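Asker: Below is the sequence, then the predicted model.
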Amino acid sequence: MIPDEEPRRPAPIGHNEPPSPIETVRGQMQDVVDKYRERVSYFAERANAKQVTDRITAGQAGDIVSLAGDLETLIVNDRFAITRPYREAADVGKAIADELWLPVEEALTQLRARLKAWNDEEDVRIETARREEQAFMAKARQAAAPAVEPEPAPEAEVETAPRKSRFGIDYSAPAVLSPRGPSAAAPLQPAKRRKVIGDLGSKSGNVDVTVYTITDMRALPDIILNSETVKNAALSVVKSLARHMPDIPGVEKSTATKLKVD
């Protein structure tokens, strides 16, 4: 070994493994970048510097836009050529995995339906038991309530001047006490539905979810009807029906001018 030569370090483990797909795509796309870098810079400079003042310069600007579009198509095609095999391979892998899992998914769908049916029956049973308990407690409270005796008829008394205090309160009038009936018990709360816990830790049970259903589109508030989301959805429907319904109520049709460069 030459005295000034550094000793060679051993190669790391796995150095002979093939590059990853990401590294492969990055390297191939770097070749695309190197191939088109000068032309991309040229079109960027020409587009930034071009001024449109007359028909001649307008034609030159259109040429720049058209040729730049052709260059973009070349770059996109090269990118697709590099990444398409990986996309197709991913689709094949997904199809194989889906085919493998299909019997399990079908069996799980049926099992979920059976589990849901049992949960529904369990909820009905709990609700029925709650109603029966509520009716039983109501009958028990009614049976335990004391009977209210009728008040005796007042005896004839000699009329005397009512004795009043200095505050104007008449103490000679007999106090009338209304009979106290049975106190109304608080209504029973629905029984809380406990989840079913499996031996391996799974939890299953019915839960309440909020479901929104539009019953009358015209009754919706303006803040919803005038939202951009609703307008964009309505425009999509309008465009799809434009050929069959040229005049749609509530839709204003006009013509806009858009630049087109061939």
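Answerer: Yep, that arrived.
Asker: Per-residue pLDDT of M245, please?
Answerer: Per-residue confidence at M245 stands at 85 (pLDDT).
Asker: before we move on, what about T255?
Answerer: On the pLDDT scale, T255 is placed at 87.
Asker: a helix runs through it, doesn't it?
Answerer: No. Looking at T255 with DSSP: H, G, I helix; E, B strand; the rest coil, it is coil, so not inside a helix.
Asker: i'd like the first residue to be 26 from this point on
Answerer: Got it, the first residue is 26 from now on, which makes the last one we talked about T280.
Asker: Measure how buried it is and give me the count.
Answerer: Burial of T280 is recorded as 5 neighbouring residues (other Cβ atoms under 10 Å). Where C-beta positions appear, they are placed from N, C-alpha and C, glycine not excepted.
Asker: just Q159 next, same as before
Answerer: By other Cβ under 10 Å, 13 other residues sit near Q159.
Asker: What is the distance between the helix or strand where it lies and the centre of its chain?
Answerer: With the criterion set as DSSP states H and E, the secondary-structure element containing Q159 is helix 80-169. Its chain's C-alpha centre and that of helix 80-169 lie 11 Å apart, by Cα atoms, centre = their mean, to the nearest Å.
Asker: Point out where the chain drops to low pLDDT.
Answerer: Within the chain, the stretches falling below the threshold (pLDDT under 70) are 26-41, 172-218.
Asker: hmm, try it at 80
Answerer: By pLDDT under 80, the low-scoring segments of the chain are 26-42, 170-219.
Asker: which helices and strands sit right next to the next helix or strand after the helix holding Q159?
Answerer: Of the helices and strands lying after helix 80-169 in sequence (DSSP H and E), the nearest is strand 221-222. Using 3 or more Cβ pairs under 8 Å, 6 or more residues apart in numbering; DSSP states H and E as the contact criterion, the neighbours of strand 221-222 among helices and strands are strand 228-229.
Asker: quick revisit: so what does the helix holding Q159 touch, helix or strand wise?
Answerer: Helix 80-169 is packed against helix 46-74, with contacts defined by 3+ Cβ pairs under 8 Å, 6+ apart.
Asker: which parts of the helix it packs on are buried?
Answerer: Residues 50, 61, 68 are the ones in helix 46-74 that count as buried (16 or more other Cβ atoms under 10 Å).
Asker: show me what contacts the second one?
Answerer: Each residue near Y61 by Cβ atoms under 8 Å, 6 or more residues apart in numbering is listed here: 96, 99-100.
Asker: Now restrict the residues you listed to buried residues only.
Answerer: For these, a burial check counting by 16+ other Cβ under 10 Å picks out I100.
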